[in-house]
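In: no sequence for this one, just the structure:
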C-alpha cells in the first residue's frame, strides 16, 4: 500500500494503517524498532521485543484484580509474610 511521508512536528513520518496495528497488537506509545536493510534499500519497522512481551491490560480485568486484592488483602498480607 502507498503512504505519503508527512510532517510530524520538526520530523517526518508515515501513518500505519489500523488493520496492521491491530494484527501486531500495537497501540499509541508502544515502541518499535526501525532499521534499514541496505542490501534492498528497505525500511523495516517491527515491534520491539519488550513491546510484544506484554499486551495492554483490559480495564475490566484490572477492576476485577483490584476488587480481589481489596477483598482478600488480609490473607494476601499473611501469605506474604511466609
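Out: Received it, and whenever you're ready, just let me know what you need. If you're wondering where the values come from, they're calculated on a predicted model, not measured in any experiment. Numbers count the residues shown, from 1 in each chain.
In: going forward, measure contacts and count neighbours with C-alpha atoms only.
Out: Fine.
In: helix, strand or coil for the residue nearest the centre of the chain?
Out: A centroid search over the chain (CA atoms, centre = their mean) returns residue 30, at 3.9 Å, as the residue closest to the centre. When classified by DSSP: H, G, I helix; E, B strand; the rest coil, residue 30 comes out as coil.
In: need phi/psi at it.
Out: phi -80, psi 140 (degrees, to the nearest 10).
In: need the pLDDT of it.
Out: In the prediction, the pLDDT value recorded for residue 30 is 87.
In: roughly how far apart are it and residue 40?
Out: 27 Å (CA to CA, to the nearest Å).
In: please apply the same query to residue 60.
Out: With CA to CA as the criterion, residue 60 and residue 40 are 45 Å apart.
In: could you look up the SS state of residue 15?
Out: coil.
In: ramachandran angles for the residue nearest to it when sequence neighbours are not counted?
Out: Computed as CA to CA, 6 or more residues apart in numbering, the closest residue to residue 15 that is not its neighbour in sequence is residue 3, at 7.3 Å. With angles defined as degrees, to the nearest 10, residue 3 sits at phi -130, psi 150.
In: ok, residue 3 - how many residues close by?
Out: 10 (other CA atoms under 10 Å).
In: how about residue 28?
Out: Counted with other CA under 10 Å, residue 28 comes out at 6.
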